[in-house]
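Chemist: give me the fold of what follows.
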Amino acid sequence: MKHTYLKYKPYYHDSLKLAIPVVISQLGHTLVQISDTVIIGHFAGTIALAAVSLVSSIFLVPMVIGMGISYGITPLIAQNNGRENYSECGKLLSNSLFLNLISGVVLFSLVYFGVIFFIDKLHQSPLVVEEAKPFLFLLSLSIIPLLIFNTFKQFAEGLGFTKQAMQITIWGNVLNIIIGIIFVKGMFGIQPMGIRGVGYSTLIDRVLMAAVMAAFVFRSPDFKKYLKDFALKNIDRTRGLQILKIGAPVALQYTFEVSAFGGAAIIIGSIGMVEQAAHQVAISLAAMTYMMASGISAAAAIRSGNYFGSGSHRQLRLSAISNYHIVIVFMSITAVIFTLCNHLLPWIYTSDKNVISIAEQLLIIAAFFQLFDGTQVVGLGVLRGMGDVNVPTLITFISYWIIGLPIGYLLGIHLHLGVMGVWYGLVCGLMSASIMLFLRFQVISKKHQNAMPQQVV
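Modeler: Now for the predicted structure:
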C-alpha cells in the first residue's frame, strides 16, 4: 500500500487540486434539483413531489444531451493547450458557443412542445400530470442559459481554471433556494406559486449564472491570449464537426444512462404515486454523489487530454489510475453514509412516512451501486480525454438499455418485486458499464504506451 501511495502521490495531489472545484461545481447542477425537491416536498406536498419526479426524469435526458455536446470542447481545449496552440482555443470557443445556443433552442422546443403531447399517455396520476405541466415549461426554458453557462465553464476548465465556476455555482444555488422558498410559500406579498415557484427560481438562477460566467471569461487577463481569435467569422463547419465528433457521443453516453433512470422512474410511476415519490427522494441523493464523481471524471478528462496532447502516455496512465483510486475511496464513504443514515436522509425531502419507508430501502441499494457508478463515470472521463468516445457510447447503450432497464422491468413488473426490482436492474447496468469501460481503458492506454517504447510503467 505504501509503495502504491508513493507511486501515485503526485498524481493524487494534482488530480484533487483540479477535481475539487469541479466536483463542487458539478454538484451545483444537482443541488438545483435537490433544492427544488426539498422545497416542494416540505411546502407543496406529495402530489407536487411526484410531479417533480416525473418532470425531472423527462428533463434529465435533454439536459444531459445539451451538456454532453458542451463537454466536446473540453478535451480539445486541453489537447491544444498541451500543444501550446493558443489561437485554436478561441476559435473552438466561438464554435462551441454557437453550437450550444442552437442546441438549447432545439432542445427546449423538443422537450416542451413534444412532451406536452404525450405526457397524458404515460399512465401517470392525472393530479401529478396537472402539476407537472407548468413546471416542465419553465425547467425546459432554463436549458438555454444552462448551456451558455456550460460553454464558458468547459472552456475555462479545459485550461485548468476550475475555481471560478465553482464559486458562481455556489452563489447561484444559494440564490435559487432563497427565491424558490419565497415563490413557493408566497412571501413578501407574493402569491404562493407552488411547483411553478421552483421553476421560476431555477430559470432566474441559470440566467444570472450564464451572464456572470461569460463576464468572467471575457474580462479575466488569464484568457486574453486564448481569446484573440474568438470571433463570429471563425465559426465554421470543420471545427463545429470536430466538437460534435466528441460531444455527440458523450451526449449519447449520458443520455443512455440518464434515460434508463428516467425510464425506471416512469415504470415506477405506473406502480404507484408513493413509490414514485420515494424513487425521487432516493435518486436525488444518488444523483448528488454521481455528480460529485462526475467532477472527478471531468478532472480526469482534462488531465488525460493534456497528457494525450503532449504524447505523455505513461503519465496519462498514472493520472487516470489515480483518479480511479480517488473515486473508489470517495464512493465507499458515500456508500457507508447511505447505509448508516438510510433512516434519516429521506426526512430531508419529506415527512410522509409511507414515502420514507420505501426510500429507506432504496438507499441500501444505492449504497451498493456507489462504487460501480463512480468508476464507470471516471472511465468515461479518461477515455473522453483521449478522444475515445465511440466504443464507450456503445458500452453505455448495452449496459443500460440491453442489460439494466430490461432486467429492472422483468424483476419489478413481471416478477412483482416492485420498485426494489427496478432498482436491482439499475445496479446490473451500472456494474456492466463499470467493468467494460475499465477494460477499454486498459486496452487503449496500453496500446498508445506500447507505441512509444521509451516509456515504461
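Chemist: run through the stretch 151-300 of the chain and note the low-pLDDT ranges.
Modeler: Judged against pLDDT under 70, the low-scoring parts of the stretch 151-300 of the chain cover residues 192-193.
Chemist: all helices of it, in order?
Modeler: Using DSSP state H, counting those that start in this stretch, the helices of the stretch 151-300 of the chain run over residues 163-185, 195-219, 237-271, 273-310.
Chemist: could you list the buried residues of the second one?
Modeler: This points to helix 195-219. For helix 195-219, a neighbour-count test (16 or more other C-beta atoms under 10 Å) marks 195-210, 212-214, 216-217 as buried. All C-beta spots, glycine's among them, are computed from the backbone N, C-alpha and C.
Chemist: where's residue 48, which helix or strand?
Modeler: Using DSSP states H and E, the secondary-structure element containing residue 48 is helix 46-70.
Chemist: report the central residue of this protein.
Modeler: Nearest to the geometric centre of the chain sits residue 291, at 5.2 Å (C-alpha atoms, centre = their mean).
Chemist: excluding chain neighbours, what is closest to residue 310?
Modeler: Residue nearest to residue 310 in three dimensions, not counting chain neighbours: residue 82, with 4.4 Å by C-beta to C-beta, 6 or more residues apart in numbering.
Chemist: ok, residue 407 to residue 421 distance?
Modeler: Taking C-beta to C-beta, to the nearest Å as the measure, residue 407 falls 9 Å from residue 421.
Chemist: hang on, the earlier thing: return the distance of the residue nearest to the centre of the chain relative to residue 78.
Modeler: Relative to residue 78, and taking C-beta to C-beta, residue 291 is found at 21 Å.
Chemist: any low-confidence regions in the stretch 1-150 of the chain?
Modeler: Within the stretch 1-150 of the chain, the stretches falling below the threshold (pLDDT under 70) are 1-3, 5, 26, 28-37, 40-45, 53, 57, 116-125.
Chemist: what about the helices in it?
Modeler: When secondary structure is read from DSSP H, counting those that start in this stretch, the stretch 1-150 of the chain shows helices at 2-43, 46-70, 73-82, 86-109, 115-118, 126-141, 143-158.
Chemist: and of the ones you listed, who's closest to residue 182?
Modeler: Comparing the helices of the stretch 1-150 of the chain by their distance to residue 182 (C-beta to C-beta), the top pick is helix 2-43, with 10.1 Å.
Chemist: and among the helices of the stretch 151-300 of the chain, the most buried is which?
Modeler: Among the helices of the stretch 151-300 of the chain, helix 273-310 has the highest mean neighbour count (mean count of other C-beta atoms under 10 Å), at a mean of 26.
Chemist: so which elements touch that helix?
Modeler: Applying 3 or more C-beta pairs under 8 Å, 6 or more residues apart in numbering; DSSP states H and E, we find helix 273-310 packed against helix 2-43, helix 46-70, helix 73-82, helix 143-158, helix 237-271, helix 313-340, helix 353-385, helix 418-450.
Chemist: go ahead and confirm the residue nearest to the centre of the chain touches residue 22.
Modeler: No: proximity of residue 291 to residue 22 does not meet the contact threshold set by C-beta atoms under 8 Å, at 10.3 Å.
Chemist: so who does residue 204 touch?
Modeler: The neighbourhood of residue 204, defined by C-beta atoms under 8 Å, 6 or more residues apart in numbering, consists of 175-176, 179.
Chemist: among these, which one sits closest to residue 311?
Modeler: Of all these, residue 311 sits closest to residue 176, with 43.2 Å by C-beta to C-beta.
Chemist: in space, what's closest to that closest one - neighbours in sequence excluded?
Modeler: In space, residue 176 comes closest to residue 205 once its chain neighbours are excluded; the distance is 4.0 Å by C-beta to C-beta, 6+ apart.
Chemist: wait, the one you found sits on residue 174?
Modeler: No: the pair residue 205 and residue 174 does not pass the contact test of C-beta under 8 Å, sitting 9.3 Å apart.
Chemist: sorry, back to before: look up how far residue 182 lies from the residue nearest to residue 176.
Modeler: With the distance defined as C-beta to C-beta, residue 205 ends up 13 Å from residue 182.
Chemist: what's the answer for residue 375, then?
Modeler: From residue 375 over to residue 182 the distance is 41 Å, taken as C-beta to C-beta.
Chemist: before we move on, what about residue 321?
Modeler: Residue 321 sits 47 Å away from residue 182 when distances are taken as C-beta to C-beta.
Chemist: hmm, back to that, which one of the helices of the stretch 1-150 of the chain lies closest to residue 190?
Modeler: Distances from residue 190 to each of those were compared by C-beta to C-beta, and the smallest falls on helix 2-43, at 13.5 Å.
Chemist: which strands and helices lie in contact with the helix holding residue 48?
Modeler: Secondary-structure packing of helix 46-70 (3+ C-beta pairs under 8 Å, 6+ apart): helix 2-43, helix 86-109, helix 126-141, helix 143-158, helix 195-219, helix 237-271, helix 273-310.
Chemist: can I get the ones you listed in CSV with distance to residue 402?
Modeler: Formatted as CSV, these follow (distance: least, C-beta to C-beta, whole Å):
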stretch, distance to residue 402
helix 2-43, 27
helix 86-109, 26
helix 126-141, 29
helix 143-158, 28
helix 195-219, 34
helix 237-271, 10
helix 273-310, 21
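Chemist: quick one: closest of those helices to residue 227.
Modeler: Between residue 227 and these, the tightest spacing by C-beta to C-beta is seen for helix 86-109, at 4.8 Å.
Chemist: and the angle from the closest one to helix 195-219?
Modeler: Our comparison of helix 86-109 with helix 195-219, counting by axes from the mean of the first three to the mean of the last three C-alpha atoms, to 10 degrees, yields an angle of 160 degrees.
Chemist: in helix 86-109, which residues are buried?
Modeler: When neighbours are counted by 16+ other C-beta under 10 Å, the buried residues of helix 86-109 are found to be 86, 88-100, 103-104, 107-108.
Chemist: and it, what does it pack against?
Modeler: helix 46-70, helix 73-82, helix 126-141, helix 143-158, helix 237-271.
Chemist: tell me which residues are up against the second one.
Modeler: It stands for helix 73-82. 86, 88-89, 92-93, 96, 151, 154-155, 157-160, 242-243, 246-247, 298, 301-310, 384-387.
Chemist: how about the CA coordinates for it, as CSV?
Modeler: Extracted in CSV, the C-alpha atoms of helix 73-82 (Å, rounded to 0.1, in the frame of the first residue of the first chain):
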residue,chain,number,x,y,z
ILE,A,73,-14.8,21.3,-26.3
THR,A,74,-13.0,20.4,-23.0
PRO,A,75,-10.6,17.7,-24.3
LEU,A,76,-10.0,19.7,-27.5
ILE,A,77,-9.0,22.8,-25.4
ALA,A,78,-6.9,20.6,-23.1
GLN,A,79,-5.1,19.0,-26.0
ASN,A,80,-4.4,22.3,-27.8
ASN,A,81,-3.3,23.9,-24.6
GLY,A,82,-0.9,20.9,-24.2
